[in-house]
Every structure is written in structure tokens, then in C-alpha cells.
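Participant: need a 3D model of the sequence below.
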Amino acid sequence: MKLQTLNSPLLENLEPMLNESIYHFLVEFQKGRTDFSELGSIFFRLTQTMTDPPLEFIWFYSALTFQTAKSSNLRDPHNFLLSLKDLFHSIVSFRIPSDSSYLTQVSLLAPVLYQLVNLKFLISSFKAEIEGLVDAVVSHIILCCNNDLIEQEVRVYKSSVSWVSLVPIWIADQVNENQGRVDGLQLFFPLSTEDIRQGINEDSGMAYLAGVVMIESFLLRLCLMFDSEASRKELHKDVKSYAAQIIKGFKKNPTFLVMLFKLLLESNLPVAELLSSTDELLLKKLLF
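Facilitator: From the prediction side, this is the model:
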């Protein structure tokens, strides 16, 4: 299979195809269709021919395969968790150039975090497996941040397809249930504050998206620690120690640090669905 570099003219030719495919998916999904394996095969072959596949194309292919798998595993929590693990491994296995910005590699994980948070809402009997997957996400982000080859985000060409356009694909199964009560970005980024989400728009780059991914993975991992049977004294020590390790690993992205400081200035942390009010206050105290 011949690999091709995705230059500006080629990308311009492929963007209408991606836009039409997004629209097609949303229309068919609302009609009740759950199997998108045929469309997924098309985009798999397309992304495999690229030496540097854009995030938007990786997300669309990943969403197609995950939604197809999810529809058959929805009633089996364990199989659903296996599908989520497959999503993570599929995303991190994409051919991303070694000299690519670490921000793109981190940003790719946003859908995995979205699904993990929702998995936490639904399932409490697979704690070890969920913790293991969250640990894998955090470790991968730290590994990406240790890539010192590129310090700043560089964009030679600005795509007309924003990653924001892919959010409806991931939250499609919640749209009917939600009935417009909650904003789509709030559904996709449940562990972010309103202030953070207001910074998201069509022009938001990888630095901002990576910062959101880091914040959500940071909060999710710490919240999971409160389900342990450790004593309060041990919990205090463990949370502070783990928080310090993650912050040290994530600090390469200044956007994450700014978001973290803003987060601590809020009256409440955005973890109400994960922790009791007492534990939320304790977490905030420990972070301070």
C-alpha cells in the first residue's frame, strides 16, 4: 500500500467527503442504524494510506468502528469495556510521525475519556479494569509529553473541518435521551467547567484540546481513588502524591496548568457525578 503525505490540495479534496460522511452518519443513526462497518472500511483504507492522518479523520473512523461495536455490546458491560479498550489501543496505534506535536497525540484521546466517564456512571463492578484503562491513558499522555522533539504546535494548513464538528458523532447516542437539556460540549467534556468549555470554538487548536484532555484524565484518575478501602490518612497521602506525579508529567502543556489554576478558583470542582459533596471538598482541599 502506497503511503501519501496529506498536503493541502489533497486535504482540500478529501474534506467534502468527510463532511458528507459526518452528515450521512448522523442522519442514518437517527433512523436507528447501528452498523457502519462498510463506511468504516472506507475510512480505514483511507487513513492507512496517509503518513500523517489528521485528527478529524482518525476520530471519524474510530467513531464508526466504536459505535458499531458498541451497539452489539450495550447490554453486556464487560464486552462494552473490551470495546472501549480496543478504541484506546486503536487510537494510540495510528501512524503518527515521531516528530509530530505531542499535542495531537494527546488530543486524540478525548473520545476515550468521554466514554470512560460515562462508563463510570453506569458500571461500578469493573473498578480494577476501569482504573487500569485510566492509568493507561494517563501514562500515554505523560509519554507523549516526554517527546522533546516539538515544543510548539505547528499548523501548515488550516482544515475547514474542525474537530468540534466530530463531537456530534461521539455523543449521538445521548442526543435523543438528552432532548437538548445539556449542551453537546458539556456532554462530551463532563469533567470540564463552563469556563473551560466557553474557550472551545471552531478555531480551538490542539493545545487547548490537549489541555482539556489532560484536565479530565487528571480529575477522573483522582476521583477513582476515592472508591478505595484505604484509610482517610492513606487516601490523603496517596491523592496528593499521585496528583503531584501527574502534574509533573503534564506540565509541558502550559494550557493545562492555566486550566488547573482556573479550576481551583471555581466554587466547586466539576465532579458531582463521581464524588459526594464531602469528597469533592476534600479533593479540592488536597489539590490546594
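Participant: list the contacts of stretch 165-177.
Facilitator: Residues from elsewhere that reach stretch 165-177 (C-beta atoms under 8 Å, 6 or more residues apart in numbering): 19, 22, 25-26, 29-30, 56, 59-60, 63, 67, 70, 111, 114-115, 184-185, 187-188. Using the backbone N, CA and C atoms, a C-beta is placed for each residue, glycine as well.
Participant: these in helices, which ones?
Facilitator: Among these, the subset assigned to helices under DSSP state H consists of 19, 22, 25-26, 29-30, 56, 59-60, 63, 67, 70, 111, 114-115, 184-185, 187-188.
Participant: need the helices for the stretch 151-288 of the chain, in chain order.
Facilitator: Secondary structure of the stretch 151-288 of the chain, counting by DSSP state H, counting those that start in this stretch: helices at 167-170, 172-178, 184-188, 194-198, 206-224, 232-250, 254-265, 277-287.
Participant: check what pLDDT the residue lying closest to residue 251 once chain neighbours are set aside gets.
Facilitator: If the residues on either side of it in the chain are set aside, residue 251 comes closest to residue 257, at 6.1 Å by C-beta to C-beta, 6 or more residues apart in numbering. Per-residue confidence for residue 257 comes out at a pLDDT of 95.
Participant: now do the contacts for residue 257.
Facilitator: For residue 257, the contacting residues are 247, 250, 251, taking C-beta under 8 Å, 6+ apart as the criterion.
Participant: do the same with residue 186
Facilitator: For residue 186, the set of contacting residues under the criterion of C-beta under 8 Å, 6+ apart consists of 192, 194, 197.
Participant: please apply the same query to residue 223.
Facilitator: Under the criterion of C-beta under 8 Å, 6+ apart, the neighbours of residue 223 are 120, 271, 274, 275, 283.
Participant: at 7 Å what do you get?
Facilitator: With contacts taken as C-beta atoms under 7 Å, 6 or more residues apart in numbering, residue 223 has the following neighbours: 271, 274, 275.
Participant: next, count neighbours for the second one.
Facilitator: In this case it means residue 274. The criterion is other C-beta atoms under 10 Å. On that basis, residue 274 has 22 neighbouring residues.
Participant: before we move on, what about the first one?
Facilitator: For residue 271, the count of nearby residues is 21 (other C-beta under 10 Å).
Participant: correct me, but it touches residue 221?
Facilitator: No. Counting by C-beta atoms under 7 Å, residue 271 stays clear of residue 221, with 11.5 Å between them.
Participant: what kind of secondary structure is residue 53 in?
Facilitator: When the structure is reduced to helix, strand and coil (DSSP: H, G, I helix; E, B strand; the rest coil), residue 53 reads as coil.
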